[in-house]
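# build the 3D model from these lines:
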Amino acid sequence: MTNQIASISGKADRAGRLSADDWSAAALQQIGEQGVPALAVEPLARRLGVTKGSFYWHFPTRDALLQAALDRWEQYEQAQVFDRLESIGDPRARLEQLFQLVAHDDVSHVIYGQLLRAMDNPIVQPAVTRISRRRLEWVTDSFRRAGFDADTARYRARLVYSAYIGFLQLNLQLPQDRPPKEEYEAYVAHMMATLIPKQK
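Residues are numbered from 1 along each chain as shown. Take a look at the predicted model:
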């Protein structure tokens, strides 16, 4: 997994300097690599090169760390996706840029895919629901600004999000069958042309 969110290569001599943010970054990385059930204090402490005492200085429980990791994921998405798109005035151009950002953000795909697998977790489920609603609202609003009526904007937003979820599910079920780069880029362009038609 890349270090786009954060990568902590801890050493024992960093024990006194690890922050709660360091722990949540490492936890998010571990979730992306191994899934929510694999998130545990002792192996994470070994990975960071510190003792469990460092963890308990910042978090009372493993669930508190999971919540902090999910909060970090939400903040990452806000900063890397929504905040970056706010400066684009043309709503159609903003939607097109959203497609490009999401289509090429492998970190977000990996983490979200792992969270979908853990929807029975009472901490994960509310976070995924909250983010899904925010995404749908943002995309719906963008289609409205692009000139679509309320119903059409809502339908198109659901189509966009359904396509995204379907893409993630295919990656989970057929991890070796991801199309080559040129074919994938053509797929993204087709989705954009289908769901964001040019104004006449």
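
# low-confidence ranges in this structure?
1-16, 175-176, 199-200 (pLDDT under 70).

# identify the single longest helix in it, thanks.
The helix that spans the most residues within the chain, counting by DSSP state H, is helix 150-173.

# that helix: how far from the chain's middle?
15 Å (C-alpha atoms, centre = their mean, to the nearest Å).

# for that helix, which positions count as buried?
Using 16 or more other C-beta atoms under 10 Å as the burial criterion, the residues of helix 150-173 that qualify are 153, 154, 156, 157, 160, 164, 167, 168, 171. (C-beta placed from N, C-alpha, C; glycine too.)

# ok, the fourth one - contacts?
Going by C-beta atoms under 8 Å, 6 or more residues apart in numbering, residue 157 touches 136, 139, 140, 143.

# check which helix or strand the third one maps to.
It refers to residue 140. helix 124-145 (DSSP states H and E).

# right, and the helix or strand after the longest helix of the chain?
helix 181-195.

# that following helix vs helix 124-145, what angle?
60 degrees (axes from the mean of the first three to the mean of the last three C-alpha atoms, to 10 degrees).

# follow-up on the earlier one: with just CA atoms, put the helix holding residue 140 into CSV.
What follows is helix 124-145, C-alpha atoms only, in CSV (Å, rounded to 0.1, in the frame of the first residue of the first chain):
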residue,chain,number,x,y,z
VAL,A,124,-17.5,0.8,10.7
GLN,A,125,-21.1,0.8,9.6
PRO,A,126,-22.0,4.3,10.7
ALA,A,127,-18.8,5.7,9.1
VAL,A,128,-19.5,4.1,5.8
THR,A,129,-23.1,5.1,5.9
ARG,A,130,-22.2,8.7,6.7
ILE,A,131,-19.6,8.9,3.9
SER,A,132,-21.8,7.3,1.4
ARG,A,133,-24.6,9.8,2.1
ARG,A,134,-22.2,12.7,1.9
ARG,A,135,-20.8,11.4,-1.5
LEU,A,136,-24.3,11.0,-2.9
GLU,A,137,-25.4,14.4,-1.7
TRP,A,138,-22.3,16.0,-3.2
VAL,A,139,-22.7,14.3,-6.6
THR,A,140,-26.4,15.0,-6.7
ASP,A,141,-25.8,18.7,-6.0
SER,A,142,-23.2,18.8,-8.7
PHE,A,143,-25.6,17.3,-11.3
ARG,A,144,-28.2,19.9,-10.1
ARG,A,145,-25.7,22.7,-10.7
